[in-house]
Structure formats: structure tokens, C-alpha cells
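Peer 1: Predicted model and sequence below, questions to follow.
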Amino acid sequence: MTKKTKVNAAILIIGNEILSGRTQDTNTSTLATWLNSIGVKVNEVRVIPDIEKTIIDTLNFLRKENNYVFTTGGIGPTHDDITAQSVSKAFGLKYEIHKEAFKILEAYYQPGEFNEGRKKMVWMPENAELILNPTSGAPGFNVENVFCLPGVPSILKSMLGGLKNRIVGGEPILSFTINLRTVESEIANSLSKVQDQNKDVEIGSYPFFHAGKLGVSIVLRSENKNKIDNCNSQILKFIKEKKIEVVDR
């Protein structure tokens with residue numbers, strides 16, 4: 001069996017409300033978790049304002065550097081929703097009414113409710129492919145390797161299932177966590193040695209505070225379970241030598 005190539009993605013969060021702190025971004029976590037589960041590694045996440053030139057420049061950079069780019073936000077009915085128009089310009093495509101999207105929304109709304117603001121949601125880059133929305137009608141869209149999703153977390157989440165057959169991933173990225181009653185400085189050197197001997201496993205250490213006590217979670221990530229198991233054994237060995245307690249969280 002041939003080894004699958006590594007597949008990567010970038011996430012582009014678009015919206016002044018995220019940068020101002022008024023809205024909390026949960027879409028990064030939702031998208032990254034889903035992408036990892038289908039074998040797509042997230043290389044980077046950027047948060048940018050609703051400024052056309054910024055969206056175009058960032059998108060043009062990311063789509064060349066990654067197999068996939070996922071944008072969230074800016075495809076609603078208001079004046080500051082400029083993602084679709086910016087994507088059109090990034091690809092040099094006409095910005096026009098998508099006939100299929102128009103039919104979907106015309107059928108979704110009651111007579112008279114499909115007003116000018118809502119009609120803005122059917123303007124997309126020429127020949128864009130729709131990403132169907134089972135929650136609120138208005139579809140997302142994709143052009144080549146760029147997938148544009150809404151910013152509302154529950155709606156975004158509901159649309160991911162319909163995307164699975166369009167994303168070609170590599171091996172799913174597996175994750176294993178060891179929680180320790182210790183501090184990072186106590187394990188830093190030993191952990192560095194393990195990382196040096198296990199280049200194919202990504203090792204992260206993350207402090208936590210639980211039940212009034214400090215601890216460290218060590219997270220091992222790889223496409224290969226055997227490599228994670230081997231790495232885990234090496235970590236458990238030095239933990240035992242240092243008499244560090246393993247805890248449940």
C-alpha cells in the first residue's frame with residue numbers, strides 16, 4: 001500500500017468582531033478537530049478584518065501555500081459581509097448571482113421575506129460550487145481549493161458533513177494525552193531528548209490548573225499509532241525514574 005502524502009490546510013477567520021473581542025472564535029477548534037480526523041493537518045490560522053485588500057492578499061498567499069483554505073465569516077447579508085466579493089477578486093472571477101443559490105433561498109424564505117439584504121447572500125464568484133446549509137438555508141461555496149463557510153458556529157458545524165467527500169485527506173492524525181502532576185521545567189530536558197529521538201511524533205506540553213494543583217498535559221500526535229506508543233513508553237520511563245505522578249483529568 002502506498003503511503004498517502006501529507007495534506008495540509010490553513011484557516012482564515014474573517015471579521016472585525018473577532019478582533020475586537022466582542023465575539024469569541026470557536027470555529028478554529030471545530031474546523032481543526034474535524035480536519036485532523038480526516039487526515040488534514042492545519043498549518044496555520046489567521047484572523048483578519050473585513051478589509052477587501054487584506055482578504056485578497058491573505059487568501060492569495062494561503063491558497064498557494066496549502067492544499068486547502070477554509071474561510072469563516074463575511075458571507076451574510078450586511079454591508080460588511082465582503083468575503084464572496086473578495087474571493088472573486090482574488091481568483092479574478094466575475095462576481096454574480098448564483099442561480100442555484102437563488103433558487104434555494106427563494107424556496108427557503110416565506111413570500112416577501114427574500115429581501116434585498118438576503119439576496120446579497122446569493123452573489124458569489126462565477127461557477128462557484130455550493131456548500132449546502134442544512135440549518136439556515138444560505139449556502140457557503142468553494143472555488144478551487146478555497147472553501148467559504150459562515151461565521152455562526154452552529155451553522156458552520158452543520159455544514160461540515162456535506163464537505164467530507166470533497167476533501168481528500170491523508171492518514172487521520174491520532175492524538176494521545178498523558179497528564180502529570182508536575183511543572184514544565186521539571187520535565188523539559190527529558191522531553192526534549194524524547195522529541196529528538198521521535199521526529200515523526202509531534203510532542204506538545206501544556207500546563208493546567210486543576211483541583212487547586214498544577215499539572216502538565218503531554219500531547220503526542222502522529223499518523224502512526226506504533227510511533228505514539230513507542231514515544232509514550234519512553235516518556236513513562238523517565239516519569240517513573242523521576243517519581244512523577246500520572247493523574248486523570
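Peer 2: Cool, got the structure.

Peer 1: what comes up buried for the lengthiest helix in the chain?
Peer 2: Looking across the chain with DSSP state H, the single longest helix is helix 225-241. Within helix 225-241, the residues scored as buried using 16 or more other Cβ atoms under 10 Å are Lys227, Ile228, Asn230, Cys231, Asn232, Gln234, Ile235, Ile239. For the C-beta atoms, the positions are set from N, CA and C on the backbone; glycine is no exception.

Peer 1: How is the protein divided into domains?
Peer 2: 7-166, 174-246 (automatic domain parsing).

Peer 1: one step back: now find how far off-centre the longest helix of the chain is within its chain.
Peer 2: Relative to its chain's centre, helix 225-241 lies at 29 Å (Cα atoms, centre = their mean, to the nearest Å).

Peer 1: pLDDT of that helix, averaged?
Peer 2: Regarding helix 225-241, the rounded mean pLDDT is 95.

Peer 1: same for that helix, what does it pack against?
Peer 2: The contact analysis (3 or more Cβ pairs under 8 Å, 6 or more residues apart in numbering; DSSP states H and E) places helix 225-241 against strand 174-181, helix 184-197, strand 213-222.

Peer 1: can you state the direction angle for the second one and helix 225-241?
Peer 2: So the one you mean is helix 184-197. 140 degrees (axes from the mean of the first three to the mean of the last three Cα atoms, to 10 degrees).

Peer 1: So what sits opposite Gly215 in the bridge?
Peer 2: Going by DSSP bridges, Gly215 is paired in beta bridges with Phe208.

Peer 1: Report the contact partners of it.
Peer 2: For Gly215, the contact set (Cβ atoms under 8 Å, 6 or more residues apart in numbering) comprises Asn179, Leu180, Arg181, Thr182, Pro207, Phe208, Phe209, Val247, Arg249.

Peer 1: any chance of those in a markdown table, with pLDDT and distance to Pro139 too?
Peer 2: Putting the contacts of Gly215 into a markdown table (pLDDT from 0 to 100; distance: Cβ to Cβ, whole Å) gives the following:
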| residue | pLDDT | distance to Pro139 |
| --- | --- | --- |
| Asn179 | 94 | 42 |
| Leu180 | 95 | 46 |
| Arg181 | 93 | 49 |
| Thr182 | 93 | 49 |
| Pro207 | 93 | 42 |
| Phe208 | 90 | 40 |
| Phe209 | 88 | 43 |
| Val247 | 90 | 46 |
| Arg249 | 68 | 40 |
